[in-house]
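> Can you look at this prediction? I've put the sequence above it.
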Amino acid sequence: MTPPLLDALTRARDRHGTKLARFGAVSAFNVVFGQVILYGAQVLAHAPAVTANVVSVSVGAVPAYFLSRYWVWEKRGKSHMMREVVPFWALALIGFVLSTAAVWYVDSHFQPSPLAVNLTNLTSFGVVWLAKFFVLDRILFRAEEAPAVS
């Protein structure tokens, strides 16, 4: 007989482990994608740091939403605007505001290199990553409860 705590941890791992691994993979892809856009906007387009951050976050949110919805949480069919799209973009906006404020602060106080701007952006998004997983898992893309059989 398995101890209750071990049994609960095993169920949680089975239920959330695959999703967390996939969410990590989507996040890793999105980090690379966003960082390339951020760096490229600064170096190739000579965009100011804050403008480059706005572009990076805005463009990166689109594949992040679709990869999260379809691959991580395996949702199919049409997206629900008020239950999925708006809250997802609200979470993206929180990351955007935090990263933009941090990039602005670093840019206005330290005259950083483009790499330092990228690290600032990356750190800002890292702060909200785990909380975002739980919000997406428990609220936005939660599995529908099966009706009770009487």
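Done, it's in. The structure displayed is predicted, hence computed values, not measured ones.

> For stretch 112-119, buried residues please.
Residues of stretch 112-119 classed as buried by neighbour count (16 or more other Cβ atoms under 10 Å): Pro112, Val117, Asn118. In this view, the C-beta of every residue, glycine as well, is placed from N, C-alpha and C.

> Next: stretch 46-54.
So for stretch 46-54, counting by 16+ other Cβ under 10 Å, buried means Ala47, Ala49, Val50, Ala52, Asn53, Val54.

> and if you look at stretch 96-106?
Applying 16+ other Cβ under 10 Å to stretch 96-106 flags Phe96, Leu98, Ser99, Thr100, Ala102, Val103, Val106 as buried.

> what's the answer for stretch 79-98, then?
Using 16+ other Cβ under 10 Å as the test for burial, stretch 79-98 gives Glu84, Pro87, Phe88, Leu91, Ala92, Ile94, Gly95, Phe96, Leu98.

> Which secondary structure element is home to the fourth one?
With elements taken from DSSP states H and E, the one containing Leu91 is helix 86-110.

> and the next helix or strand after that helix, what does it pack onto?
The C-terminal neighbour of helix 86-110 among helices and strands, as given by DSSP H and E, is helix 114-135. When contacts are defined as 3 or more Cβ pairs under 8 Å, 6 or more residues apart in numbering; DSSP states H and E, helix 114-135 packs onto helix 4-43, helix 49-67, helix 86-110.

> what do you get if the cut-off is 7 Å, keeping everything else the same?
Packing partners of helix 114-135 (3 or more Cβ pairs under 7 Å, 6 or more residues apart in numbering; DSSP states H and E): helix 4-43, helix 86-110.
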